[in-house]
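Asks: Sequence and predicted structure below; questions after.
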Amino acid sequence: MSRPLDGLMVVSVEQAVAVPFATRQLADLGARVIKVERPGTGDFARGYDTTVKGLSSYFVWLNRSKESLTLDLKRPEARDVMSRLLERADVFAENLAPGAAGRLGLDPAALSHRHSRLIACSVTGYGSSGPYAAKKAYDLLVQSEVGLISLTGTEAHPSKVGISVADIAAGMYAYSGILTALLSRASSGCGSVLTVSLFDALAEWMSAPAYYTAYGGSPPRRTGAHHASIAPYGPYDTEGGPVYLAIQNAREWMRFCRDVVRRPELENDTRFRTNADRIRHRQELDEAIASVLDGMSLSEVVARLDAAGIANARLGSIGQFVDHPQLTARERWREIDSPAGPLRALLPPIEMADVAPVMGAVPSPGQHTDAILAELGFDAGVVEAWRREGTI
């Protein structure tokens, strides 16, 4: 079966989350991704935890279907290896510490100048200019700088988002940027230099609260699992646990009042007539809803919400998500290989008709080093000497 990116070669000097996430999407669609890692330890994300049969949960998630080449990029021999790789590559991606790519001779702009068809992508923390350009950036720190933590959590306790949202955002923009550059190259014949920063990626996602604050005069309140600017939207207690519901418009509010809480007088109560009214009188609104739902079973509340066409959900755990009936019914889990044996992996979110994602193995550190170096024309004796010297 052919795939959209069959024949594409990606060389990635990557670590942690952002760029590995981008290049895994390319690998899923058929690209050959050569992941350059440190000799011995490899990508430091391999050591984040040991929960997946001794492997890191982050690494397993981000690195299936790739080839692992170990190289000490500070050694001159490694420069020759990278030069030969980049002569064949369509895409180069990196997310090293600020300034590191330049010191290693891997500055994307310089590489693009030497290899006219190469698409060179760099993911940084805060961008390549400005007062923060040289600062190291990790997901928590970027969430702090863009104000996301100030929005998340309860009124008393701000909190970071529970997944690596800044890294994921940057990785997705790098992925879409690379695809856009490939499309451009198909017509122009020329490569591109792409830069994405964690800060800029998450700043884009902060646009709605930024507008709200800049033009409204005050930031959205921190409201836990409730929505800061829509009500009712969030969790409400029932006898069987919380139900999460979302009212989006006046029609839904009317049905909610009449068919769910069965208090039609609330519909035109001056405190609750519009969403802005409901936000201003959120406490009274929540008390009115709680007076009905608190005494009902969870299943009955869900049945009423479903019958009224009101979006809702039950609070699920991570364990319940893993075995979610929607994933099971749609056969979203696949088995992949790894150094620890077979593992489960979710299919990519995008489904393309008549295209099956690669879903290849998670590599061990340097698993493909010898084969790649032989392919590049290096003698077996040279390769063995490099191994003894710590070059690979």
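Replies: Yes, it's here. Numbering: from 1, shown residues only.
Asks: my read is residue 127 is in a helix, agree?
Replies: No: read with DSSP: H, G, I helix; E, B strand; the rest coil, residue 127 is coil and lies in no helix.
Asks: And the contacts of whichever helix or strand residue 251 is part of?
Replies: Assigned by DSSP states H and E, residue 251 belongs to helix 250-255. Contacts with helix 250-255, where a contact means Cβ atoms under 8 Å, 6 or more residues apart in numbering, come from 247, 267, 272, 274, 275, 278, 308, 309, 310. Where C-beta positions appear, they are placed from N, C-alpha and C, glycine not excepted.
Asks: Buried among those? Make that a ChimeraX selection.
Replies: Those of those that count as buried under 16 or more other Cβ atoms under 10 Å are selected in ChimeraX with:
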select :247,272,275,278,308,310
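Asks: List the ones among the contacts of helix 250-255 that fall in helices.
Replies: Residues of the contacts of helix 250-255 located in helices (DSSP state H): 275, 278, 308.
Asks: Throw those into a markdown table and include distance to residue 206, thanks.
Replies: What follows is these, written out as a markdown table (distance: Cβ to Cβ, whole Å):
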| residue | distance to residue 206 |
| --- | --- |
| 275 | 22 |
| 278 | 24 |
| 308 | 33 |
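Asks: nearest to residue 40, of those residues?
Replies: Checking the ones in helices among the contacts of helix 250-255 against residue 40 with Cβ to Cβ, the nearest one is residue 275 at 57.2 Å.
Asks: ok, so what distance separates that closest one from residue 242?
Replies: Using Cβ to Cβ, to the nearest Å, one obtains 22 Å as the distance from residue 275 to residue 242.
Asks: cool, and residue 43?
Replies: Remark: distance between residue 43 and residue 242 (Cβ to Cβ) = 39 Å.
Asks: quick one, what contacts the closest residue to residue 336 other than its chain neighbours?
Replies: If the residues on either side of it in the chain are set aside, residue 336 comes closest to residue 345, at 4.6 Å by Cβ to Cβ, 6 or more residues apart in numbering. Shown in contact with residue 345 (Cβ under 8 Å, 6+ apart): 60, 64, 333, 334, 335, 336, 359.
Asks: so can I have CSV of those residues showing pLDDT, secondary structure and neighbour count?
Replies: As requested, the contacts of residue 345 are exported to CSV (pLDDT from 0 to 100; DSSP: H, G, I helix; E, B strand; the rest coil; neighbours: other Cβ atoms under 10 Å):
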residue, pLDDT, secondary structure, neighbour count
60, 98, helix, 22
64, 98, coil, 24
333, 97, strand, 13
334, 96, strand, 14
335, 97, strand, 9
336, 97, strand, 16
359, 96, coil, 17
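Asks: so where do the strands sit in the stretch 1-150 of the chain?
Replies: 9-13, 32-37, 66-70, 91-94, 119-124 (DSSP state E, counting those that start in this stretch).
Asks: how about the last one as CSV, C-alpha atoms only?
Replies: What follows is strand 119-124 as a C-alpha-only set of coordinates in CSV (Å, rounded to 0.1, in the frame of the first residue of the first chain):
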residue,chain,number,x,y,z
ILE,A,119,13.3,21.9,4.0
ALA,A,120,15.0,22.8,7.3
CYS,A,121,12.9,23.2,10.4
SER,A,122,14.0,24.5,13.8
VAL,A,123,11.9,24.4,16.9
THR,A,124,13.0,26.8,19.7
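Asks: Can you spell out which helices and strands pack onto that strand?
Replies: Strand 119-124 sits against helix 18-28, strand 91-94, helix 108-114, helix 165-188, strand 192-197, with contacts defined as 3 or more Cβ pairs under 8 Å, 6 or more residues apart in numbering; DSSP states H and E.
Asks: Please apply the same query to the fourth one.
Replies: For strand 91-94, the contact count by 3+ Cβ pairs under 8 Å, 6+ apart identifies strand 9-13, helix 18-28, helix 108-114, strand 119-124, helix 165-188 as packing neighbours.
Asks: Give me the contacts around it.
Replies: Residues contacting strand 91-94 (Cβ under 8 Å, 6+ apart): 8-14, 19, 22-23, 26, 31, 86, 101, 106, 108, 111, 118-123, 174, 178, 182.
Asks: try the third one
Replies: Under the criterion Cβ under 8 Å, 6+ apart, residues 23-24, 27, 32-40, 42, 81, 360, 363-369, 371-373, 392 lie in contact with strand 66-70.
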